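Engineer: kindly generate the corresponding structure for this input.
(one chain, ligands or ions: 1)
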Amino acid sequence: MNPAQHISWHDAVSDPQTIFDQLKEKISSRTAIVGVVGLGYVGLPFAVQSALAGFDTVGLDLARDKVISINEGHSYIGDVSDTQLQEAITEHGLFATDHFAALADCDVVVVAVPTPLTKNLTPDLGAIEAATQEIALHLRPGQLISLESTTFPGTTEEVMKPILESSGLTAEQDFFLAHSPERVDPGNHQFNTKNTNKVVGGIGPNSSELASLFYSSTVDHTVTVSSAKAAELVKVFENTFRSVNVALVNELAQLCDRMNINVWEVLDAAFTKPFGIMPFYPGPGVGGHCIPLDPHYLEFKAREFNFQTRFVALAGEINRSMPRFVVEKAIRIVDQSGVALSRSRILVLGVAYKSNIDDARESPAIEVIRGLVERGAEVFYHDPYVRSINEHGVLMLSSDLSPELLGSCDLVIGTTAHACTDVAWVVDNSREFLDTRHMTKSIGTRPNVHLL
Ligand SMILES: NC(=O)c1ccc[n+]([C@@H]2O[C@H](COP(=O)([O-])OP(=O)(O)OC[C@H]3O[C@@H](n4cnc5c(N)ncnc54)[C@H](O)[C@@H]3O)[C@@H](O)[C@H]2O)c1
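Structural biologist: Numbers count the residues shown, from 1 in each chain. Below you'll find the model as predicted:
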């Protein structure tokens, strides 16, 4: 990208139709310059995809270490290999920066910053607002801004648009604004940023058309909905759907425990029905940046309409109760071995929130560790993907897995089923094994294995 290409927007044409046509032509011919703000699990794969699709792409992030790592060709995201990143850099000119003035040169700006919750479980839009303010500072006619962060319906139009329009420019005429939720599933080898259908909705028809055109130039298939709000709700609904269904099987697991019925056997049999049901499995709780958080975004917005999203609240309550349920089950198991939990040594196997990834954010395994430590147990963890954790007050290093460590523990709790775990070997070397993920399914019944 040549800084000399940047022209003052005051000199540029201001006729809305011309602005629209020129951006459309730039996107169609792939001469549009793309900026991706926020280079995490969502932003980095998208920036690489955008570059590989033929767009000059610049990634922007506040985190200097990420910027340096990208420019050195080292990926810190499991789904992006160094080879892919280096190809995007050397053959397609991808680069990263923390100088937000680069936004002025971008024709399309994709925003993929975090959307966490506050302590009171309300949306924290701080990162979206800060990123939008940066974009507003550099906004010029002929830019398309697309928010990919997961958020409640209305964020793009009610939060971002006023900030962007404070620049003096008008949405739908001078610049265009859309929402296109990211559906990336870290660790999924079948579906990635490119081949996962992309939902797109603009704040008006011009924004919709340009955003659809842009995304259909970068990914395999797009699904255009009538508004940014609808696109926002699609994503929040998808995650709520998952949360509710996981809660249903988690509740069943708690009931089966009382009734002394094997929940895994019940579910495996239930899922043989070829219609009207789909598989969801229980576990130690839900984790990651999406399922535990996003439904609360919907709950928050619904309150504005004097509407209670009861499924959301109930699912959250059940899913959050699972780490406690695992701890209670652990107490029962060590009790039966004649050891008080406060004198026991326990190994937690896996702290990533799901298998084969390195992300431990909001991981239920960390809540399990916390619950055990609070009750006086000496707790270790092992996770080949997560060398250390520093989450919610739990600060630990992964211990090396050895027959000595396994044998010295009163209980091993399988909390994440990484494919690389030799489950038979772990079980053989453990005194007692509490399996919260049915990771022992392939090795059959063992006397020292306790299923969730
Ligand atoms: N991780 C997933 O699997 C996933 C899947 C779909 C959607 N999402 C959603 O996508 C969004 C991003 O999630 P993520 O997992 O990529 O987050 P992340 O924490 O991995 O990455 C976010 C990046 O944004 C940067 N950032 C924060 N504030 C910024 C600012 N003002 N300007 C520039 N950069 C800034 C951070 O430094 C970080 O590198 C969230 O809304 C999330 O809910 C995540």
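Engineer: list the contacts of the residue of the chain found nearest the ligand.
Structural biologist: Nearest residue of the chain to the ligand (C-beta to the nearest ligand atom) works out as Gly40 at 1.8 Å. Every residue, glycine included, has its C-beta placed from N, CA and C. Contacts for Gly40 (C-beta atoms under 8 Å, 6 or more residues apart in numbering) come out as 61, 66, 77, 112, 114.
Engineer: got any ranges where the stretch 201-350 of the chain has weak pLDDT?
Structural biologist: Along the stretch 201-350 of the chain, no part satisfies pLDDT under 70.
Engineer: and it, which residues reach the ligand?
Structural biologist: Residues of the stretch 201-350 of the chain lying near the ligand by C-beta under 6 Å from any ligand atom: 289-290.
Engineer: where along the stretch 201-350 of the chain do the strands fall?
Structural biologist: Remark: strands assigned in the stretch 201-350 of the chain by DSSP state E, counting those that start in this stretch are 222-224, 345-349.
Engineer: re the thing from before, so the residue of the chain closest to the ligand belongs to a helix, correct?
Structural biologist: No: assignment of Gly40 by DSSP: H, G, I helix; E, B strand; the rest coil gives coil, placing it outside any helix.
Engineer: distance of it from Val80?
Structural biologist: Computed as C-beta to C-beta, to the nearest Å, the Gly40 to Val80 distance reads 11 Å.
Engineer: how about Arg242: what's its closest non-neighbour residue?
Structural biologist: For Arg242, ignoring the flanking residues on the chain, the nearest one in space by C-beta to C-beta, 6 or more residues apart in numbering is Ile291 at 5.6 Å.
Engineer: what number of residues lie near that neighbour?
Structural biologist: Ile291 is flanked by 24 other residues according to other C-beta atoms under 10 Å.
Engineer: so who does it touch?
Structural biologist: Neighbouring residues of Ile291 by C-beta under 8 Å, 6+ apart: 239, 242-243, 246, 319.
Engineer: give me the distance from stretch 114-123 to the chain's centre.
Structural biologist: 14 Å (C-alpha atoms, centre = their mean, to the nearest Å).
Engineer: now it: average pLDDT?
Structural biologist: Mean per-residue pLDDT for stretch 114-123: 91.
Engineer: pull out the buried positions in it.
Structural biologist: In terms of neighbour count (16 or more other C-beta atoms under 10 Å), stretch 114-123 has its buried residues at 114-115, 117, 123.
Engineer: do the same with stretch 329-346
Structural biologist: Buried residues in stretch 329-346 (16+ other C-beta under 10 Å): 329-331, 333-334, 339, 341, 344-346.
Engineer: and the buried residues of stretch 114-123 as TSV, adding secondary structure?
Structural biologist: What follows is these, written out as TSV (three-state DSSP):
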residue	secondary structure
Pro114	coil
Thr115	coil
Leu117	strand
Pro123	strand
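Engineer: which of the residues you listed come close to the ligand?
Structural biologist: Among the buried residues of stretch 114-123, the ones lying near the ligand by C-beta under 6 Å from any ligand atom are 114-115.
Engineer: surely Val312 meets Ser243?
Structural biologist: Yes: with contacts counted by C-beta atoms under 8 Å, Val312 reaches Ser243, the gap being 7.3 Å.
Engineer: neighbour count: those two, which is higher?
Structural biologist: Ser243 (25 against 22).
Engineer: excluding chain neighbours, what is closest to the more buried one?
Structural biologist: Ala315 (4.6 Å).
Engineer: so how far is Asp422 from the one you found?
Structural biologist: Using C-beta to C-beta, Ala315 is found at 34 Å from Asp422.
Engineer: would you map the helices across the stretch 51-200 of the chain?
Structural biologist: 64-71, 82-90, 126-138, 161-165 (DSSP state H, counting those that start in this stretch).
Engineer: from the middle of its chain, how far away would the second one be?
Structural biologist: Spelled out, it's helix 82-90. 23 Å.
Engineer: okay, that helix in CSV with CA atoms only?
Structural biologist: The C-alpha trace of helix 82-90 is given here as CSV (Å, rounded to 0.1, in the frame of the first residue of the first chain):
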residue,chain,number,x,y,z
ASP,A,82,3.1,-20.4,9.7
THR,A,83,3.1,-21.6,6.1
GLN,A,84,-0.3,-20.0,5.4
LEU,A,85,0.7,-16.8,7.1
GLN,A,86,4.0,-16.6,5.3
GLU,A,87,2.2,-17.2,2.0
ALA,A,88,-0.2,-14.4,2.8
ILE,A,89,2.7,-12.1,3.6
THR,A,90,5.2,-12.9,0.8
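Engineer: list the helices and strands it packs on?
Structural biologist: Under the contact criterion of 3 or more C-beta pairs under 8 Å, 6 or more residues apart in numbering; DSSP states H and E, helix 82-90 touches helix 43-52, helix 64-71.
Engineer: now do it, average pLDDT.
Structural biologist: Across helix 82-90, pLDDT averages out at 96.
Engineer: tell me what angle it forms with helix 43-52.
Structural biologist: Counting by axes from the mean of the first three to the mean of the last three C-alpha atoms, to 10 degrees, helix 82-90 lies at 50 degrees to helix 43-52.
Engineer: how about the secondary structure of the nearest residue to Lys329 once chain neighbours are set aside?
Structural biologist: Closest residue to Lys329 apart from its sequence neighbours, by C-beta to C-beta, 6+ apart: Leu434 at 6.2 Å. Here Leu434 is strand, with the state taken from three-state DSSP.
Engineer: how many residues are close by Leu434?
Structural biologist: The number of residues near Leu434, taken as other C-beta under 10 Å, comes to 26.
Engineer: before we move on, what about the one 3 residues further on?
Structural biologist: Using other C-beta under 10 Å as the criterion, Arg437 is surrounded by 23 other residues.
Engineer: residues in contact with the residue nearest to it when sequence neighbours are not counted?
Structural biologist: Nearest residue to Arg437, sequence neighbours excluded (C-beta to C-beta, 6+ apart): Ala417, at 4.3 Å. The contact partners of Ala417, taken as C-beta under 8 Å, 6+ apart, are 350, 355, 423, 437-439.
Engineer: show the pLDDT at Ala417.
Structural biologist: 96.
Engineer: now it: how far from Asn319?
Structural biologist: With C-beta to C-beta as the criterion, Ala417 and Asn319 are 18 Å apart.
Engineer: and the contacts of Ala417, which two are furthest apart?
Structural biologist: Using C-beta to C-beta, the contacts of Ala417 reach their maximum pairwise distance at Gly350 and His438, which is 13.2 Å.
Engineer: please say which of these two ends up with more neighbours.
Structural biologist: Gly350 (27 against 20).
Engineer: now do the contacts for Val427.
Structural biologist: For Val427, the contact set (C-beta under 8 Å, 6+ apart) comprises 433, 440, 443, 446, 448-449.
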